[in-house]
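Trainee: Got a sequence here, can you build the structure:
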Amino acid sequence: MLAGMIVGIALNMVGSAIPWASDFLVNGVFYVVGAVFVAMLKLMVVPLVLVSLVCGVNAMGDLRAIGRVGAKTFGLYFMTTAIAIILALTLARFFSPGSGFELTGGLAEYIPREAPSLAEVLINIFPENPIQAMADGQMLQIIVFALLFGFAANLAGERGKPIVKLFSDLNEVILKMVMMIILLAPVGVFALISRTFATEGIEVFGPLVGYFILVASVLILHLVFTYGLILKTIGIKPLRFLKHMRAPMSFAFSTSSSAATIPITLNTLKNRLGVKSSVSSFTVPLGATINMDGTAIMQGVATVFIANVYGINLMFTDYLMVVLTATLASIGTAAVPSAGLIMLAMVLGQVGLPVEGIALIIGVDRLLDMLRTAINVAGDSAVTCVVAHSEGALDLKACNEMEVKKSARDNSGSFE
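Mentor: Okay, here's the model as predicted:
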């Protein structure tokens, strides 16, 4: 990231004196490499969303058997994600990151589409032809089809299991493809950042810093107020909760993976927060699959930021589509580092914004990815505590203790 900024600023300063550098590097090598990387991100959107959503639905187990625990968990995860994206869009609209910054060169060449009416949005959620929807990249239609297909495969019982296994195997292959693209990210990010700074100059720093601060602030607000409020309703002191959650949140921050943090989260919930394993063993893995509040916040702020930079006015129906797309697609966001960028490409495409705008924010995304993963893990645990309390499977005394029990310390191993 830093290398790309330095090279880009240097090329911006000497571009007029060395015109071949601009032609060969900026509009040649960097443009091609960056465009290929963005194309690879687009490549993964439809297969990742379709397959991971089908797998996400079936990861909940037998829908007829999970009963009230599953219903409560699923409902709370969707509620917190919806709150997260609405909070992000509200604050982004108020602070308007990226406003006043005018793009130059090739990055500015984009013609926005006309915003659909509310009736069109609601009608167009349901696909007439799912194959055509996939070809056209109609993400809300793909999401609805994937959810219906996943539920149907689940409810089909034994006859649906081969289909579920097929999609599970496909999901593993697609995740490997995602990881391959992520491994190439340093090269793609370098090219994108270098071209952005070479074209726009050092002036892009201001909007980028504003975007970073706003995303980080919304993440912290969501952690403190949203999670704090739902914890207070069941008698848990938010500060005590955060104290007990230090280990899993630190591990999530360092790895940027909700899935990798599951064992530590389960240990913390059982030994530090007094949650019975009968509840946490269901809610935490499910949360790592479908609860992506931090990612939803990034998508909300990034959408407004990119729209402002390109001078595109988002209408009410555009915001509605962002809320619906980000909330429903959270089921299919892979719990691996930087997978949120692919889902952001999906959200941008749904509201008619250029996916190339990702180049503007990709330089700071790695740091934000670490922070939002920690928020996701905290959200999984907060929802787990609420569900456990409703089922009589929570020890409130353990939650609110200042000092951690010796048994909890002993069982926490090296994750202290």
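Trainee: shaky segments in the protein?
Mentor: 1-2, 4, 15-17, 21-22, 59-67, 102-118, 121, 329-339, 402-416 (pLDDT under 70).
Trainee: what's the residue closest to the geometric middle of it?
Mentor: The centre of the chain sits closest to Thr295, judged by Cα atoms, centre = their mean, with a distance of 2.4 Å.
Trainee: That one is in what secondary structure piece?
Mentor: helix 293-309 (DSSP states H and E).
Trainee: Convert the C-alpha atoms of that helix to PDB, please.
Mentor: Listed next in PDB are the C-alpha coordinates belonging to helix 293-309 (Å, rounded to 0.1, in the frame of the first residue of the first chain):
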ATOM      1  CA  ASP A 293     -21.900  -6.400  10.800                       C
ATOM      2  CA  GLY A 294     -18.400  -5.000  10.300                       C
ATOM      3  CA  THR A 295     -18.500  -5.900   6.700                       C
ATOM      4  CA  ALA A 296     -21.900  -4.400   6.200                       C
ATOM      5  CA  ILE A 297     -20.700  -1.100   7.800                       C
ATOM      6  CA  MET A 298     -17.700  -1.000   5.400                       C
ATOM      7  CA  GLN A 299     -20.000  -1.600   2.500                       C
ATOM      8  CA  GLY A 300     -22.400   1.200   3.500                       C
ATOM      9  CA  VAL A 301     -19.700   3.800   4.000                       C
ATOM     10  CA  ALA A 302     -17.800   2.700   0.900                       C
ATOM     11  CA  THR A 303     -20.900   2.900  -1.300                       C
ATOM     12  CA  VAL A 304     -21.600   6.500  -0.200                       C
ATOM     13  CA  PHE A 305     -17.900   7.500  -0.400                       C
ATOM     14  CA  ILE A 306     -17.500   6.100  -4.000                       C
ATOM     15  CA  ALA A 307     -20.800   7.700  -5.100                       C
ATOM     16  CA  ASN A 308     -19.600  11.100  -3.700                       C
ATOM     17  CA  VAL A 309     -16.200  10.800  -5.400                       C
END
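Trainee: My guess is the residue nearest to the centre of the chain contacts Leu371. True?
Mentor: No: using Cβ atoms under 8 Å, Thr295 is not in contact with Leu371, being 11.1 Å away. Where you see a C-beta, it was placed from the backbone N, CA and C, and this is true even at glycine.
Trainee: how far away is Phe253 from Ser278?
Mentor: Applying Cβ to Cβ, to the nearest Å, the value for Phe253 to Ser278 is 29 Å.
Trainee: Which one's more surrounded, these two?
Mentor: Phe253 (17 against 11; other Cβ atoms under 10 Å).
Trainee: what kind of secondary structure is the more buried one in?
Mentor: Counting by DSSP: H, G, I helix; E, B strand; the rest coil, the backbone at Phe253 sits in helix.
Trainee: Distance of it relative to Ile193?
Mentor: In terms of Cβ to Cβ, Phe253 sits 23 Å off from Ile193.
Trainee: how about the nearest residue to the residue nearest to the centre of the chain, chain neighbours excluded?
Mentor: Gly340 (4.1 Å; Cβ to Cβ, 6 or more residues apart in numbering).
Trainee: Can you tell me the SS state at the one you found?
Mentor: On the basis of three-state DSSP, Gly340 is classed as helix.
Trainee: Please apply the same query to Val33.
Mentor: Applying three-state DSSP: Val33 is helix.
Trainee: My read is that it contacts Ala185, right?
Mentor: No: with contact defined as Cβ under 8 Å, Val33 and Ala185 do not form a contacting pair (11.6 Å).
Trainee: tell me the contacts of the residue lying closest to Phe197 once chain neighbours are set aside?
Mentor: Residue nearest to Phe197 in three dimensions, not counting chain neighbours: Gly8, with 2.7 Å by Cβ to Cβ, 6+ apart. By Cβ atoms under 8 Å, 6 or more residues apart in numbering, the contact set of Gly8 is Ile193, Ser194, Arg195, Thr196, Phe197, Ala198, Thr199.
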